[in-house]
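Peer 1: build me a structure from this.
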Amino acid sequence: MADVTRWLNDEEQRTWRSFLAATQLVHEALDRQLQRDAGMPHAYYMILVALSEAPGRSMRMSELASKAQSSQSRLSHAVARLEERGWVRRERCPEDRRGNIAVLTDDGFAALESAAPGHVEEVRRALFDPLTPEQLRGLREICDTVRNTLEG
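Peer 2: Residues are numbered from 1 along each chain as shown. Take a look at the predicted model:
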């Protein structure tokens, strides 16, 4: 017996397209704001955030790639750009000497601290301000459900 494609019905199709448009517009707004105000793309900001929250402001590159939802090669390229700015440095992993650790520098932390107020204001403007408290709870529940399905 052949597999049957479960096509989206009209409501699902409208929801899917609305989701795609909304997420793309939010990402573009965040990227524009960070480029304009901090001179960095959103992807670089998220790398700096991940490192700032890690013990010792450092993380193995493979773990950072996973945290940043990036491929190893894309992350390596981004870290190279961040190294050029003096915001991140790479060190050899002391346990096995094969892996690399990305370390957030003091200049990188300062760049993150400087960029954060404008970024959080844009997150509020683009996503949270238009929502009621009930919509916000619903959005979080929906996102948690999707994440748990895909990550688990």
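
Peer 1: what's the helix or strand for the residue nearest to the spatial centre of the chain?
Peer 2: Centrality entry for the chain: nearest residue to the mean C-alpha point is residue 46, 4.7 Å, by C-alpha atoms, centre = their mean. Using DSSP states H and E, residue 46 maps to helix 42-53.

Peer 1: residues contacting the very next helix or strand once past that helix, please?
Peer 2: Counting by DSSP H and E, the element after helix 42-53 in chain order, helix or strand, is strand 58-60. Contact partners of strand 58-60, identified using C-beta atoms under 8 Å, 6 or more residues apart in numbering, comprise 50-51, 67, 91, 93, 99-104. Backbone N, C-alpha and C define where each C-beta goes, glycine included.

Peer 1: out of those residues, who's nearest residue 4?
Peer 2: For the contacts of strand 58-60, the minimum distance to residue 4 (C-beta to C-beta) is 38.1 Å, reached by residue 67.

Peer 1: just give me the neighbour total for the closest one.
Peer 2: 17 (other C-beta atoms under 10 Å).

Peer 1: residue 86 contacts residue 103, doesn't it?
Peer 2: No - the criterion here is C-beta atoms under 8 Å, and residue 86 misses it with residue 103 at 11.7 Å.

Peer 1: picking up where we left off before, quick one, what contacts the residue nearest to the centre of the chain?
Peer 2: Counted by C-beta under 8 Å, 6+ apart, residue 46 has contacts residue 68.

Peer 1: quick one: contacts of the helix or strand hosting residue 115?
Peer 2: Using DSSP H and E, residue 115 falls within helix 106-123. Residues outside helix 106-123 that contact it (C-beta under 8 Å, 6+ apart) are 29-30, 33-34, 37-38, 40, 45, 48-49, 51-52, 57, 82, 85-88, 104.

Peer 1: distance from it to the middle of the chain?
Peer 2: Relative to its chain's centre, helix 106-123 lies at 14 Å (C-alpha atoms, centre = their mean, to the nearest Å).

Peer 1: burial measure for residue 88, as a count.
Peer 2: Using other C-beta under 10 Å: residue 88 sits among 25 other residues.
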